[in-house]
Every structure is written in structure tokens, then in C-alpha cells.
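[1] My questions are about this predicted structure, shown below with the sequence.
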Amino acid sequence: MSEQSFQTLGEFIIDKQEDFMYSTGELSRLLSAIRLASKVVNREVNKAGIANIIGKVGSENIQGEEQQKLDVLANEIFIEALSQREVVCGIASEENDDYIEVKCGSNAHLSKYVVLIDPLDGSSNIDVNVSVGTIFSIYRRVTEPGSPVGIEDFLQKGVNQAAAGYVVYGSSTMIVYTTGNGVNGFTLDPSLGTYYLSHANMEFPKTGKIYSINEGNYIKFPQGVKNYIKYCQREEDDRPYTSRYIGSLVSDFHRNMIKGGIYIYPSTSQSPNGKLRLLYECNPMAFLAEQAGGKCTNGFERIMEIEPTELHQRVPFFCGNREMVEKAEEFMAAAA
Ligand code: AHG
Ligand code: MN
Ligand code: MN
Ligand code: MN
């Protein structure tokens with residue numbers, strides 16, 4: 001049996017606090033609020049089947065997606081935890097048309113940070129008891145503390161992220177995050193309600209053999225992606241690769257980071273910018289991927305260098321082992 005780690009996420013956050021430049025403990029408090037909210041969402045996800053929280057709400061979000069009850073509930077839980085604790089001055093979410101200015105209490109306007117969040121990732125997997133997640137991205141505001149937040153605080157390039165991470169509500173629940181000093185993963189012990197460090201310094205293996213893409217859309221993919229898929233399937237060298245696609249970005253990413261693989265959500269003939277959202281899905285995953293030795297691009301350029309123009313902007317997404325992403329980019333360039 002491997003040794004049990006007794007370092008809790010709470011202790012880890014405090015220990016690492018001094019790593020943050022100009023730290024006043026604010027980012028630590030913010031991460032603690034996310035930790036708490038994730039436990040509440042975890043509780044709800046765990047009992048979803050018996051608590052009448054499976055199914056649709058009957059409304060659409062700004063993405064044109066039907067909102068599931070858990071999308072709405074997770075959104076409320078995270079927004080409440082973040083605003084009640086006055087650890088952020090603004091929140092943008094997949095489930096809200098516009099960003100929220102956090103006004104409650106006296107300190108909120110003075111907070112330095114904004115959070116962008118995908119409260120429940122993989123909504124289509126809720127009803128069938130397959131892993132779902134939460135993705136978060138944290139920036140230092142660019143407008144003056146004390147003044148109301150502005151759209152420019154949210155429309156920042158991914159390279160400006162102060163921290164990013166995800167929660168995977170899987171066969172066990174984990175938080176994986178980075179503040180720019182590597183990636184660490186913590187597993188929830190449900191009997192104690194405590195996260196323990198279980199995956200220190202996570203890194204993509206040097207080579208990978210998994211490709212993850214919704215191949216049902218094959219006919220709509222750009223030629224470069226079609227050619228890359230054929231390359232993955234060819235019997236040559238260490239190929240054919242294994243195909244794995246859960247349909248929850250968080251779970252697909254988590255598996256690929258541990259086992260080695262590439263995740264692709266490309267442009268399609270109907271959606272030239274793909275499906276995934278730059279600010280609260282792609283940028284946080286790109287920060288984690290790069291911190292774990294991987295690579296993330298839109299097929300041509302680095303995700304974290306893209307200048308955002310709107311909150312719910314979508315981008316094609318190629319993410320995973322550096323070598324695999326670079327090979328896919330070769331196919332994209334050749335067919336461009
Ligand atoms: P969300 O549930 O937050 O709207 O995100 C869904 C995303 C992502 O989780 C997943 O990888 C992708 O949509 C799956 O899309 P397809 O069903 O088109 O493959
Ligand atoms: Mn959605
Ligand atoms: Mn999502
Ligand atoms: Mn979502």
C-alpha cells in the first residue's frame with residue numbers, strides 16, 4: 001500500500017502563499033472559497049439521482065444550450081461562495097449572460113481578483129452518472145481596486161492568469177490547480193470532507209497514445225484534423241492510438257494528463273470557432289497543460305496568447321502532450 005499523504009489542501013494553500021508575488025493572502029482565501037464550493041457541489045452531484053436535481057430547467061443559457069438543474073445549482077453555489085466571502089470583485093460564468101460585479105459588503109470592491117468559471121462541465125453526462133467537473137480561471141484585475149470591475153478585467157489573455165484549475169467529480173473527487181508553479185492534485189476523502197495532496201507535481205508523460213475527439217462530427221472537420229485522425233489510426237510505429245472520449249472536457253483532460261494523450265475540439269463546418277469557450281474552458285486548461293509540460297493551441301497558435309474580444313468567445317482547441325499537439329499542428333499547416 002502506498003503511503004497516505006497527510007498534507008491537506010488547506011495546509012498546502014497556506015504553505016505556498018509566500019510563492020505568490022505581492023501576496024496578501026487574498027489568493028489563498030479565494031482558493032479556499034473554491035475548495036468549499038466544490039465540496040458543496042460534490043455533495044449535490046453525489047445525490048443527484050435521489051434529490052430531483054437531474055434534468056432540464058426549461059431555460060437556455062447564452063450559449064444556446066438547455067440548462068440542466070445542476071448547471072444552475074453549481075453556478076449558484078460557486079457565485080455565492082465567492083461573493084459571500086468577499087474574495088473577488090467580479091465573476092463571469094458560462095451560465096450568465098454578463099459578468100457579475102461583486103458588491104456585497106465593504107471589502108469586495110477592494111479585492112484584486114476576478115474569477116471566470118464553468119460551474120458544471122460535461123452537463124450532458126449528469127443523467128447517466130458519468131464524471132462531470134468545474135473549471136476556474138483567476139486573474140488579477142487591471143482596473144483600479146476600489147472602482148467597479150469592467151469588461152477589460154475579464155477579457156485578458158490567458159498568459160495573465162494568476163491561477164487556474166478544475167474539480168473532477170469522478171469515481172473520486174479531485175481538485176487540480178496551478179498558480180504557475182507546477183500542477184498539484186488533491187483527492188477528497190469523503191468521510192472527513194478533506195482534500196489531501198495525492199498527485200504532487202503532475203506532468204504529462206513524455207509520449208502519449210490516446211486521442212480524444214468527438215469523431216461523430218468527422219465529416220464536418222477541417223481536412224488537417226481528418227488527416228491527423230487517419231494518422232492516429234494507421235498501423236505504424238507505436239500506432240494505432242487508442243480512442244477515448246468521455247464528453248466532459250475536465251475528465252478527458254485529466255485522463256490524458258495522467259496517461260498521455262491529445263484532446264481536440266476543432267472548428268467544424270457549422271461552427272468555425274469550435275465549441276469550447278476561450279475564457280473559462282480553454283485558457284484554464286491551457287495554463288494547466290503548459291504547467292504540466294504539455295501544449296495547447298487552436299491548431300496554429302498558442303491558446304494563452306489569443307486576445308479575447310468577448311466573454312463567451314469560442315476557439316478550436318488542441319491540447320495535450322507536446323509532441324502529439326505538434327504533430328496535429330503539422331497536419332493542420334499542411335492542409336491549410
Ligand atoms: P458544458 O457542459 O460546460 O457546456 O461543456 C461541454 C463541453 C465539454 O465538456 C465537452 O468536452 C464538450 O462540450 C463535448 O461536446 P460534444 O458533445 O459536442 O462532443
Ligand atoms: Mn454548457
Ligand atoms: Mn464546459
Ligand atoms: Mn458548463
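    Sure, I can see it. Numbering: from 1, shown residues only. Ligands and ions are numbered 1, 2, ... in the order given.
[2] Run through the stretch 51-200 of the chain and note the low-pLDDT ranges.
    By pLDDT under 70, the weakly predicted segments of the stretch 51-200 of the chain are 104-109.
[3] Got the phi and psi for the residue nearest to Gly170 when sequence neighbours are not counted?
    Closest residue to Gly170 apart from its sequence neighbours, by CB to CB, 6 or more residues apart in numbering: Ser131 at 4.0 Å. All C-beta spots, glycine's among them, are computed from the backbone N, C-alpha and C. Ser131 adopts backbone torsions of phi -50, psi 140, taken as degrees, to the nearest 10.
[4] contacting residues around Ser131?
    By CB atoms under 8 Å, 6 or more residues apart in numbering, the contact set of Ser131 is 122, 125, 168-171, 246, 248, 250-251.
[5] are any of those buried, and which?
    The neighbour count (16 or more other CB atoms under 10 Å) marks 122, 125, 168-170, 246, 248, 250-251 as buried among the contacts of Ser131.
[6] Determine which two of those residues are furthest apart.
    Largest separation among these by CB to CB: Tyr169 and Ile246, giving 12.5 Å.
[7] What are the buried residues along stretch 118-134?
    118-123, 125-126, 131-134.
[8] of all these, which comes closest to ligand 3?
    Taking CB to the ion as the measure, Asp121 is the one of the buried residues of stretch 118-134 closest to ligand 3, at 3.5 Å.
[9] would Leu36 count as being in a helix?
    Yes. Assessed with DSSP: H, G, I helix; E, B strand; the rest coil, Leu36 lies in a helix.
[10] give me every residue that touches it.
    Counted by CB under 8 Å, 6+ apart, Leu36 has contacts Ala81.
[11] So the residue nearest the centre of the chain, which state does it fall into?
    The centroid of the chain falls nearest to Ile135 when counting by CA atoms, centre = their mean (3.4 Å). Three-state assignment for Ile135 (three-state DSSP): strand.
[12] wait, it sits on Met285?
    Yes. Contact criterion CB atoms under 8 Å: Ile135 and Met285 qualify, at 7.0 Å.
[13] Check the contact lists of the two and give me the overlap.
    164, 166, 249.
[14] how far away is the second one from Val183?
    When CB to CB, to the nearest Å is the yardstick, Tyr166 and Val183 sit 10 Å from each other.
[15] Next, show the common contact partners of these two.
    With CB under 8 Å, 6+ apart as the test, Tyr166 and Val183 both reach 176-177, 288.
[16] For beta bridges, what are the partners of the residue nearest to the centre of the chain?
    Asp118, Tyr166 (DSSP bridges).
[17] number of nearby residues for the closest residue to Ala334 other than its chain neighbours?
    Using CB to CB, 6+ apart and skipping the chain neighbours, the partner closest in space to Ala334 is Gly224 (6.7 Å). The criterion is other CB atoms under 10 Å. On that basis, Gly224 has 20 neighbouring residues.
[18] Go through the contacts of Ser131 and name the one nearest Tyr228.
    The closest of the contacts of Ser131, once distances to Tyr228 are taken by CB to CB, is Ile246, at 19.9 Å.
[19] from what I can see that closest one touches Asp121, true?
    No. Counting by CB under 8 Å, Asp121 is not a contact partner of Ile246; they are 10.7 Å apart.
[20] Helices of this structure, start to end?
    With DSSP state H as the definition, the chain shows helices at residue ranges 9-16, 26-46, 69-84, 151-154, 223-233, 249-259, 283-291, 322-335.
[21] Among these, show the one with the smallest mean pLDDT.
    Mean pLDDT values for the helices of the chain show the minimum at helix 9-16, a mean of 89.
[22] tell me which residues in that helix are buried?
    9, 12-13, 16.
[23] before we move on, what about stretch 47-64?
    48, 53, 61.
[24] Can I get that stretch as PDB, trimmed to CA atoms?
    Backbone C-alpha positions of stretch 47-64 (Å, rounded to 0.1, in the frame of the first residue of the first chain) are rendered in PDB as follows:
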ATOM      1  CA  LYS A  47     -27.000  12.500  -4.500                       C
ATOM      2  CA  ALA A  48     -28.300  13.900  -7.800                       C
ATOM      3  CA  GLY A  49     -30.300  10.800  -8.600                       C
ATOM      4  CA  ILE A  50     -32.400  10.900  -5.400                       C
ATOM      5  CA  ALA A  51     -32.700  14.600  -4.900                       C
ATOM      6  CA  ASN A  52     -34.700  15.600  -8.000                       C
ATOM      7  CA  ILE A  53     -31.900  17.600  -9.400                       C
ATOM      8  CA  ILE A  54     -31.400  15.600 -12.600                       C
ATOM      9  CA  GLY A  55     -32.900  17.000 -15.800                       C
ATOM     10  CA  LYS A  56     -33.500  20.300 -17.500                       C
ATOM     11  CA  VAL A  57     -34.600  23.600 -16.000                       C
ATOM     12  CA  GLY A  58     -36.500  24.600 -19.100                       C
ATOM     13  CA  SER A  59     -34.300  27.600 -19.900                       C
ATOM     14  CA  GLU A  60     -31.400  28.200 -22.300                       C
ATOM     15  CA  ASN A  61     -28.200  29.900 -21.400                       C
ATOM     16  CA  ILE A  62     -26.500  32.500 -23.600                       C
ATOM     17  CA  GLN A  63     -24.600  29.600 -25.400                       C
ATOM     18  CA  GLY A  64     -28.000  28.400 -26.700                       C
END
